[in-house]
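S.K.: any chance you can model this:
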Amino acid sequence: MKTLLQIILTGIIVLVLSNILGGVQVDGFFTAIVVAAILALLNIFVKPILLVLTLPVTVVTFGLFLLVINALIILMADWLVSGFNVNGFWWAVLFSILLSFLQSLIFSVAERSERR
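M.R.: Next up, the predicted model:
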């Protein structure tokens with residue numbers, strides 16, 4: 001149940017960010033939920049492989065290369081979901097930074113309210 005709530009909240013964040021950022025388009029709420037689910041699956045299965053393959057570069061750049069990996073995950077989701085469009089690498093970087101920040105903020109608030 002917690003995972004489903006996180007996917008729904010991420011879908012809402014994706015929809016809000018698509019309305020704010022000019023380089024990111026989402027067709028609707030259902031597409032945003034699909035994007036959230038695809039991002040979750042890519043983060044579970046693809047991201048660990050990319051982290052291992054790019055470990056030396058990540059260490060040399062003090063972790064900044066993780067922004068590139070996150071942008072690549074966003075671009076993969078763009079390629080997989082037909083109603084989701086990101087207009088280039090830098091929009092993907094900005095989208096991934098804002099998505100990560102908002103997810104951590106909202107998930108921490110939701111976790112605090114769950115504890116009470």
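S.K.: strands along the protein, start to end?
M.R.: In the chain, the strands defined using DSSP state E lie at 24-26, 84-86.
S.K.: mind listing what's buried along the last one?
M.R.: In other words, strand 84-86. 84, 86 (16 or more other C-beta atoms under 10 Å). From N, CA and C alone the C-beta is placed, and that goes for glycine too.
S.K.: what do you get for stretch 23-42?
M.R.: Neighbour-count burial for stretch 23-42 [16+ other C-beta under 10 Å]: 24, 26-27, 31-39, 42.
S.K.: next one: stretch 81-99
M.R.: 81, 84, 86, 91-96, 98-99.
S.K.: what's that stretch in contact with?
M.R.: For stretch 81-99, the surrounding residues in contact (C-beta atoms under 8 Å, 6 or more residues apart in numbering) are 10, 13-14, 17, 21-28, 31-32, 34-35, 38, 67-68, 70-75, 77-78.
S.K.: now do 6 Å
M.R.: Contact partners of stretch 81-99, identified using C-beta atoms under 6 Å, 6 or more residues apart in numbering, comprise 17, 23-27, 31, 34-35, 38, 67, 70-71, 74-75, 78.
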